[in-house]
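K.L.:
Mind folding the following:
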Amino acid sequence: MSRIGKKPVTIPSGVTLTQNGQAITVKGSKGELSFTLPDAVTGKLDGEEFTVAPVEGEKNAVAMWGMSRTMISNMVEGVTNGFSKELELRGVGYRAQMKGSTLSMQLGYSHDVDYTPPEGVTITAAKPTQIKVEGIDKQQVGQVAAEIRSFRKPEPYKGKGVRYVGEYVRQKEGKKK
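P.N.:
Below you'll find the model as predicted:
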């Protein structure tokens, strides 16, 4: 039994959730998101609550149950508040700046690393060493942040690189004489 799947998703005021068969659409002040429920689960809208239930006899129904409920919950959260991830650049000469809608970063390579975000995601660089990724789709925001981090992952000897704010990078001891 899924503990997460059992909980109903509460729909706040200002958010409309519509169900057309297995297709779920959520509209809010920040935008609109849609998700198709897997065949292994069914969804039911009761006023201000949306519940997800597994289909009897389906092999992967329990596995899809909690995931589907979380996806719908994240869509409701995204269209009301949105999601954001913050990254920081550590290293001598490491900096980022916006050039139009493109993020341009100097990460110790012989060239600048340019990154154009996909539609629906906004990137801001308030300080030269701080990057903020914002959007309404949690998966897309996390993917963009992971792609930016992958350009120069934090290395374990000096800790230089792009890391999430608050991320702990374990330091290794250097070579001894």
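
K.L.:
Only alpha carbons, please: show the longest strand anywhere in the chain as PDB.
P.N.:
Longest strand in the chain, counting residues (DSSP state E): strand 83-90. C-alpha atoms of strand 83-90 as PDB (Å, rounded to 0.1, in the frame of the first residue of the first chain):
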ATOM      1  CA  PHE A  83       9.700  26.000  -8.200                       C
ATOM      2  CA  SER A  84      13.300  27.200  -8.000                       C
ATOM      3  CA  LYS A  85      16.800  25.900  -7.600                       C
ATOM      4  CA  GLU A  86      19.800  28.000  -6.700                       C
ATOM      5  CA  LEU A  87      23.400  27.200  -7.800                       C
ATOM      6  CA  GLU A  88      26.600  28.800  -6.800                       C
ATOM      7  CA  LEU A  89      30.000  29.000  -8.600                       C
ATOM      8  CA  ARG A  90      33.100  28.400  -6.600                       C
END
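
K.L.:
Give me the sheet partners of it and which way each runs.
P.N.:
Partners of strand 83-90 in the sheet, by DSSP bridges, are strand 130-135 (antiparallel), strand 161-164 (antiparallel).

K.L.:
Export those strands to JSON lines and append columns for mean pLDDT, mean neighbour count and distance to residue 110.
P.N.:
In this view, the C-beta of every residue, glycine as well, is placed from N, C-alpha and C. Listed next are the strands paired with strand 83-90 as JSON lines, based on pLDDT from 0 to 100; neighbours: other Cβ atoms under 10 Å; distance: least, Cβ to Cβ, whole Å:
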{"stretch": "strand 130-135", "mean pLDDT": "96", "mean neighbour count": "21", "distance to residue 110": "21"}
{"stretch": "strand 161-164", "mean pLDDT": "96", "mean neighbour count": "19", "distance to residue 110": "17"}
